[in-house]
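*Asks:* Show me the folded form of this:
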Amino acid sequence: MEGNAQRAEVHGTSESSGLIHHTHQHRHRFLMRAAGSHIRVMYPNKIQQAEDYVDAAPPGIRWILNIKGSNLSMDTYRTFVLLLTFVCYALFHCTRKIPSVVKSTFDPPDPAASGWRPFDNERNGKELLSGLDFCFLSMYAAGMFYSGHLADSLDLRKFLFVGCMLTGLVTCAYGCAFFLDVHTVQYFYAVQALAGLAASQSTAYPAVVAVVANWFGPSKRGLIMGAWAAHMTVGNVLGSVLGAWLLQFGWGWCFVAPGAALVAFSLVILLFLCPHPEDVGYASPSNPHHRHRHARQRQQQEQQQQQHARASDGAGALGLDPSCEIVCEGEGVAPRGASGATGALDSIAERSSGRVSRSSSSSGGSSSSSEEDPLEGLPEPPVAFCTALMLPGVMTYSLCLFFSKLINYTFLFWLPFYISNIVIDGVSLSPEKAGQMSSLFDIGGVMGGVLIGYLSDRLGAKACTTTMFLLLSIPMLQMYRTLGDASFEVNMALLIGSGLLVNGPYALITTAISADLGTHESLQGNAQALATVTAIIDGTGSIGAVVGPLMTGFITQVSNDWSNVFYMLYAAALCAALLLSCLVAKEVSILACPPPECAVPLLR
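*Replies:* Modelled structure (predicted):
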């Protein structure tokens, strides 16, 4: 009997013991009545022995595993994930920082200097620039609310790849206005709206936070994700320095260069990013009880191999090759394979050897099939938007981030312009120098993200740590406004201190706190809420990011007094701190009398 030319099919119902019809014409066929199922006994050309996780891994990782011959360590995968997501979102923020760098080129502070029409209009130039910020941030905020739910529903790797690719292309389109000599304000507004749309910028953050949270447990999230959150400030520094340097070649290159880099890096994401530890054969550290679909499929394949071995014994009793593969098809078959069918073949083998009766074997096979969960192996559905919104702490931190991000994005979009419009120690800086100096605020932000993450892990009180930073930022901003023009040294020191205190809460809320809330115990192990919760919190904060730069442009256009802008920032920091007062009181009471079972007091 030749394996490649043989095939046997078993059809039947449970009405009689069996009817076998056997022919030989490049294959054997037989009919029998058994277990109410259609059974096909096939001779495969090749039985694959490779580990299941190799098939689930991204293409680039599969290539590495095939060369190495064994799986990589958990720490190696974590390093890959941290590095890829860090560079990815740093590039996103680099493209987001560029518009603030070129503002002074569009509308120069010197009335005698030529800008870029139509933004060099003294009457409404600042309003038009504020309108650009509004178009981007409003679309970003709107897209954020449903992009997170999409990220939980789709493949995170492919979802992030599409976002990177589209963002890079749209950024390049912005720079093409320079080379094509475009002076239509509608073109700039349309490009900024597309840049913030859910198809580009707003897809990134929910996805990268969900990926990192999948690989790290809650015990060290504050420090790890606080340091990892430096991607925002590193991207801002890169955008400030790179944009200021590229201005000498023309402002269009400030957009084309980072846009092209993001397009190229999207291919790296597609090839090498592993969104889940289960994709490469490891358990999820964020929820050890959570079994991903690939882990479940591996368990099912092991069970099917055992069933296959039993069925091969039955096939051998019928004179067939014992290495054949059993596949069930037709009505009445359980979703997980052929337990009932293999039980029928077991019955034949056992009856032929005189071990057991047909009835007992058939009943055993059907009961084995009935015990299987028909939903086993299916991916858990994403948590509904309203369910995620009502998780404890989500609404509170969402509103807190509204005010925190208002401050952060006001600096992000207007700090270079502000520095170029003030006199520091009797010197007015050029747009290039102002852009470079504004990067000190972002350097302070890197330090703030690491420091606040370390303190929150050490104290076990994220709300208290966040509130402390928010309250300390008010006098720091006041000193920067009043003393920032005294000397370059004082201005630089106060810029770093302001960045540390302003960016710290923003980084902690959008990373570690969002990840903790997205894996809340009330979800009962469902990890499909990480991106949704992150999107709700960051989307609400993005509304504040719309309000801050827009109000800044309006205030400076009406009063031409930056002190009024800083008053707005003081009030925003105070409101953010007051919103956390209830959580602070709760954490203080827990720290004073900690219950032994309370591991994460913030979420209780």
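*Asks:* so residue 389 makes contact with residue 535?
*Replies:* No - using CB atoms under 8 Å, residue 389 is not in contact with residue 535; the gap is 10.6 Å. Any C-beta I mention is one placed from the backbone N, CA and C, and that applies to glycine too.
*Asks:* So for those two, which residue has more residues nearby?
*Replies:* residue 535 (33 against 17; other CB atoms under 10 Å).
*Asks:* Around residue 115, how many other residues sit close by?
*Replies:* Residue 115 has 18 neighbours, counted by other CB under 10 Å.
*Asks:* so what's it up against?
*Replies:* Taking CB atoms under 8 Å, 6 or more residues apart in numbering, we find residue 115 in contact with 105, 106, 107, 108, 125.
*Asks:* Backbone torsions only: list them for the third one.
*Replies:* Right, the one you point to is residue 107. As for residue 107, its main-chain torsions (degrees, to the nearest 10) stand at phi -130, psi 80.
*Asks:* Next, count neighbours for it.
*Replies:* Neighbourhood size, residue 107 [other CB under 10 Å]: 20.
*Asks:* separation between it and residue 115?
*Replies:* According to CB to CB, to the nearest Å, residue 107 and residue 115 sit 5 Å apart.
*Asks:* Common neighbours of these two, please.
*Replies:* Joint contacts of residue 107 and residue 115 (CB under 8 Å, 6+ apart) are residue 125.
*Asks:* so where's this structure uncertain?
*Replies:* Applying pLDDT under 70 to the chain flags the ranges 1-55, 109-113, 121-124, 198-200, 219-220, 286-383, 518-529, 594-604.
*Asks:* Can you tell me the closest non-neighbouring residue to residue 227?
*Replies:* Once flanking residues are discounted, residue 227 sits nearest to residue 450: 4.8 Å by CB to CB, 6 or more residues apart in numbering.
*Asks:* For that neighbour, give its distance to residue 226.
*Replies:* According to CB to CB, residue 450 and residue 226 sit 5 Å apart.
*Asks:* Looking at those two, which has the bigger crowd around it?
*Replies:* A count of neighbours by other CB under 10 Å puts residue 226 above the other of residue 450 and residue 226, at 26 against 21.
*Asks:* Could I have the CA atoms of the helix or strand residue 241 falls within written out in CSV?
*Replies:* Per DSSP states H and E: residue 241 is located in helix 230-246. What follows is helix 230-246, C-alpha atoms only, in CSV (Å, rounded to 0.1, in the frame of the first residue of the first chain):
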residue,chain,number,x,y,z
ALA,A,230,11.1,58.8,27.6
HIS,A,231,10.3,57.9,24.0
MET,A,232,8.0,61.0,24.0
THR,A,233,10.7,63.4,25.2
VAL,A,234,13.4,61.7,23.2
GLY,A,235,11.2,62.2,20.1
ASN,A,236,10.6,65.8,21.0
VAL,A,237,14.3,66.4,21.5
LEU,A,238,15.0,64.7,18.2
GLY,A,239,12.4,66.7,16.5
SER,A,240,13.7,70.0,17.9
VAL,A,241,17.3,69.3,17.1
LEU,A,242,16.8,67.7,13.7
GLY,A,243,14.2,70.3,12.7
ALA,A,244,16.4,73.2,13.7
TRP,A,245,19.3,71.8,11.8
LEU,A,246,17.2,71.0,8.6
